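A.B. asks: Take a look and give me a structure for this.
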Amino acid sequence: MFLVMKAIVLLACAALAIKQVVFFIEEYKSPARTLYTVDDVESIAAPAFTVCPKPSGNTFNNTPGLKYFNATSVSLRDVISKAPGPELSSTTTTRINREAITRSVNGVGHWRERTFWETTGGGKGGVFFKCFTLFLKENVTMGRRNSTDPSMAFTFQFKGIQNFPEPKIEVFVHDQLENFTYLDTFKAEPVVLYGGSTIELSIRPEIVQNSGRNGNRCSEEVGYSYTTCMETCFWNFVQPRHEISCLSPSLLTDDVILRKPECRYVEEGQLLERLDEARNDFRNRSGNCNCSIRCITTNYRILAVLTAEGVKNDESSSLSFSFPSSRVPRLEHQPEWSILHLMFHIGKVVGICLGVMCILLICDVIEEARSSARWKSLQGSSDATHRRKY
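C.D. replies: Sure, this is the predicted structure:
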């Protein structure tokens, strides 16, 4: 009876193993796939809104000095007169490390301010600019088509930057955890406003779920930001470069320890050109960064409609936004399997089968021991009966 049961278990194990191996081979041969589903939701976490006025301050004939820039650059209240969330008149500003944080009294959200840089091309150096990012705590209601709601609109002021050449304001809509950065890892496209323009913005969230299989790690760490990790990696890549003799600490992320001397005014013109060269080199070496993408991120598809076009001397512009659809797509990326991934899963099946065989072998040993003990017991009983007879 035991031999029959053992044979049945072995056959079942072999059949399941063959079925699993065939399934893994088919997965290995199949291309990368994306599963697309649509959820009907009432509300979703609000996106972050990053507002970048350009220029943000005087460039002093294209020779940027960061201290001079900070003295002449616009503030949050210079650029934004109305915004969703916290009333700017009831906020307090504190500086934490290299960022200025403007918090609302009632705790409905906060603004974060940072300084960035970009090159102007043609060997003319570059300029600094500021960006202000709004983080709202409350969820936004989906399926709202009314773009006239004052709680879902911005009013921008151009008065503070109007005297600068070609003033404009760029607005980015992005995941709150993926902080704005000037590197290629930041994928959101800007909405550009000029003085007097009015834009209605339709926003459609899209949840992207990245699979951690095939050796592609993804992070579920709370508060983790892939773009911040990559920017930190960039600055750590920059600091050993000999052609960059100094750095301006206010450009760095909080996680970077400055190991170069702080730039003086006359050195910052060449600094931005050197940083642009470093950024181009970093594009080819960013794979060396130990930065995992987040397992779940939210992208925001936007449709901007210009409803009023301003004139050069207009001092304000407005941007209203809405989430017209309650249907939110969810994309689950499943990458291709590598040969190592295939062998890993086949190895697991083989390991399970070997484990079953070990269990059966142990059962054999136990059964053999029981049979031997039973045989000795019967033999001893038979000998005792034989001696009583004689």
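A.B. asks: all contacts plus neighbour counts: C-alpha atoms, from now on.
C.D. replies: Noted.
A.B. asks: give me the element Ile352 is part of.
C.D. replies: helix 339-389 (DSSP states H and E).
A.B. asks: Can you pull out the low-pLDDT segments for the stretch 1-150 of the chain?
C.D. replies: Within the stretch 1-150 of the chain, the set of residues satisfying pLDDT under 70 comprises 1-4, 24, 27-32, 58-65, 86-99, 103-107, 120-125, 145-150.
A.B. asks: can you pull out the helices in it?
C.D. replies: For the stretch 1-150 of the chain, the helices defined by DSSP state H, counting those that start in this stretch cover 2-29, 66-72, 76-79.
A.B. asks: Got the domain ranges for this protein?
C.D. replies: 2-30+340-389, 38-334 (automatic domain parsing).
A.B. asks: In TSV: these, plus mean neighbour count.
C.D. replies: Below are those laid out as TSV (neighbours: other C-alpha atoms under 10 Å):
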stretch	mean neighbour count
domain 2-30+340-389	13
domain 38-334	17
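A.B. asks: for Glu200, which residues make a bridge with it?
C.D. replies: Taking DSSP bridges as the rule, Glu200 bridges to Val305, Ser320.
A.B. asks: Next one: it relative to Ala45, how far apart?
C.D. replies: Per C-alpha to C-alpha, to the nearest Å, Glu200 is found 20 Å from Ala45.
A.B. asks: With only the CA atoms kept, save stretch 221-236 in CSV.
C.D. replies: The C-alpha coordinates for stretch 221-236 follow below in CSV (Å, rounded to 0.1, in the frame of the first residue of the first chain):
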residue,chain,number,x,y,z
GLU,A,221,10.1,52.5,0.9
VAL,A,222,7.8,55.2,2.3
GLY,A,223,8.8,58.7,1.2
TYR,A,224,11.4,57.4,-1.3
SER,A,225,11.9,59.6,-4.4
TYR,A,226,13.6,58.1,-7.5
THR,A,227,14.3,61.6,-9.0
THR,A,228,15.9,62.8,-5.7
CYS,A,229,18.0,59.7,-5.6
MET,A,230,19.2,60.2,-9.1
GLU,A,231,19.9,63.9,-8.5
THR,A,232,21.9,63.0,-5.4
CYS,A,233,23.8,60.4,-7.5
PHE,A,234,24.5,63.2,-10.1
TRP,A,235,26.1,65.5,-7.5
ASN,A,236,28.2,62.6,-6.1
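A.B. asks: Name the helix or strand for the residue nearest to Leu183 when sequence neighbours are not counted, please.
C.D. replies: Nearest residue to Leu183, sequence neighbours excluded (C-alpha to C-alpha, 6 or more residues apart in numbering): Glu231, at 7.1 Å. Assigned by DSSP H and E, Glu231 belongs to helix 226-238.
A.B. asks: Report the rounded mean pLDDT for that helix.
C.D. replies: Helix 226-238 comes out with an average pLDDT of 92.
A.B. asks: now that helix, how far from the chain's geometric center?
C.D. replies: Mean C-alpha position of helix 226-238 versus that of the full chain (C-alpha atoms, centre = their mean, to the nearest Å) differs by 13 Å.
A.B. asks: packing partners for that helix?
C.D. replies: Here helix 226-238 touches helix 268-285, going by 3 or more C-alpha pairs under 8 Å, 6 or more residues apart in numbering; DSSP states H and E.
A.B. asks: Helix or strand next in line after the helix it packs on, which one?
C.D. replies: Later in the chain than helix 268-285, the nearest helix or strand by DSSP H and E is strand 293-294.
A.B. asks: which neighbours does that next one have in its sheet, and in what orientation?
C.D. replies: strand 218-219 (parallel).
A.B. asks: contacts for the partner strand?
C.D. replies: Defining contact as C-alpha atoms under 8 Å, 6 or more residues apart in numbering, one finds that strand 218-219 is touched by 210-212, 292-295.
A.B. asks: Distance check, Cys52 against Asn288.
C.D. replies: Taking C-alpha to C-alpha, one finds Cys52 at 30 Å from Asn288.
A.B. asks: again with Ile366
C.D. replies: 55 Å.
A.B. asks: same thing with Ile362?
C.D. replies: Taken as C-alpha to C-alpha, the span from Ile362 to Asn288 is 49 Å.
A.B. asks: got it, and Phe128?
C.D. replies: From Phe128 to Asn288 the distance is 28 Å (C-alpha to C-alpha).
A.B. asks: What of Ile352?
C.D. replies: With C-alpha to C-alpha as the criterion, Ile352 and Asn288 are 36 Å apart.
A.B. asks: cool, Met357 as well?
C.D. replies: 44 Å.
A.B. asks: again with Glu243
C.D. replies: Between Glu243 and Asn288 the computed distance is 21 Å (C-alpha to C-alpha).
A.B. asks: How about the contacts made by the residue most central in space within the chain?
C.D. replies: Note on the chain: the residue nearest the mean C-alpha position is Tyr226, at 4.3 Å, using C-alpha atoms, centre = their mean. Neighbouring residues of Tyr226 by C-alpha under 8 Å, 6+ apart: 178, 291-294.
A.B. asks: pLDDT and distance to Phe321 for those residues - can I get that in CSV?
C.D. replies: Formatted as CSV, the contacts of Tyr226 follow (pLDDT from 0 to 100; distance: C-alpha to C-alpha, whole Å):
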residue, pLDDT, distance to Phe321
Glu178, 93, 20
Cys291, 88, 33
Ser292, 88, 31
Ile293, 88, 28
Arg294, 90, 26
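A.B. asks: Pull the contacting residues for Val171.
C.D. replies: 49-52, 190-192.
A.B. asks: Also Thr119?
C.D. replies: Per C-alpha under 8 Å, 6+ apart, neighbours of Thr119: 125-127, 272-273, 276.
A.B. asks: Most widely separated two among the residues you listed?
C.D. replies: Spatially, the most separated pair among those is Val127 and Asp276, at 11.7 Å (C-alpha to C-alpha).
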